[in-house]
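S.K.: 3D model of this:
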Amino acid sequence: MREYKLVVLASGGIGKSALTVQFVQGICVEKYDPTIEDSYRKQVEADAQQCMLEILDTAGREQFTAMRDLYMKNGQGFALVYSITCDLEDERVVEKEQGRNLARQWNNCTFLETSAKSKRNVNEIFYDLVQQINRKPPVPGKASKKSSCQLL
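M.R.: Numbering: from 1, shown residues only. Model (predicted):
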């Protein structure tokens, strides 16, 4: 069974853990508990194959930048998360088109708006990362490690 190392990155208090726990355990975590680093494993069928996802829920605080370098080195797929509170359309700070444009600039990354509370697009985050990793051709002269990125 193929394993995928996925990394969820964002500032503190954004909702990385809520999205990850919703995907792995199917529950909505509403209480904020700052994460230093949590790792989750989930077996899924993605891209027509059984696979094991190892998901790293990272620290969103600045004092853990050394750890972030390690995540970047070892991860294959990255979900970059920022908060817009998409269910409160009148209170948005980042417009949807701004997010889409940034995703296009970053090598046409996938752009999704999600909600851990309503489960909107939560599974899609992780399944899409697997698909992107599988699609990405190896870079000539480099090891066959594949990686991809997603902007949420």
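S.K.: list the buried residues in the helix or strand Ser17 falls within.
M.R.: Element membership for Ser17 (DSSP states H and E) is helix 16-25. Using 16 or more other CB atoms under 10 Å as the test for burial, helix 16-25 gives 16-24. C-beta here means a position set from N, CA and C on the backbone, and glycine is covered the same way.
S.K.: can you check stretch 125-135 too?
M.R.: For stretch 125-135, by 16+ other CB under 10 Å, it's 125-134.
S.K.: if we take the buried residues of helix 16-25, which one ends up nearest to Thr114?
M.R.: Leu19 (6.2 Å; CB to CB).
S.K.: that closest one against Ser83, yeah?
M.R.: No - Leu19 lies out of contact with Ser83 (CB atoms under 8 Å); the separation is 10.8 Å.
S.K.: Ser11: neighbour count?
M.R.: Neighbourhood size, Ser11 [other CB atoms under 10 Å]: 12.
S.K.: just how off-centre is stretch 15-34 within its chain?
M.R.: 13 Å (CA atoms, centre = their mean, to the nearest Å).
S.K.: now do stretch 69-84
M.R.: Relative to the centre of its chain, stretch 69-84 is centred 6 Å away, using CA atoms, centre = their mean.
S.K.: quick one on the thing from earlier: now the helix holding Ser17: mean pLDDT?
M.R.: In this model, helix 16-25 has an average pLDDT of 93.
S.K.: of the buried residues of helix 16-25, which is the nearest to Leu112?
M.R.: Leu19 (10.4 Å).
S.K.: tell me the spacing between Glu45 and Arg92.
M.R.: Distance, Glu45 to Arg92, using CB to CB, to the nearest Å: 35 Å.
S.K.: meant to ask about Thr20, not that
M.R.: Applying CB to CB to Thr20 and Arg92 gives a distance of 23 Å.
S.K.: the chain: strands as residue ranges?
M.R.: 2-9, 37-46, 49-58, 77-80, 110-111, 148-151 (DSSP state E).
S.K.: which of these sits most buried?
M.R.: Greatest average neighbour count among the strands of the chain goes to strand 77-80 (a mean of 23), per mean count of other CB atoms under 10 Å.
S.K.: cool, thanks, talk later.
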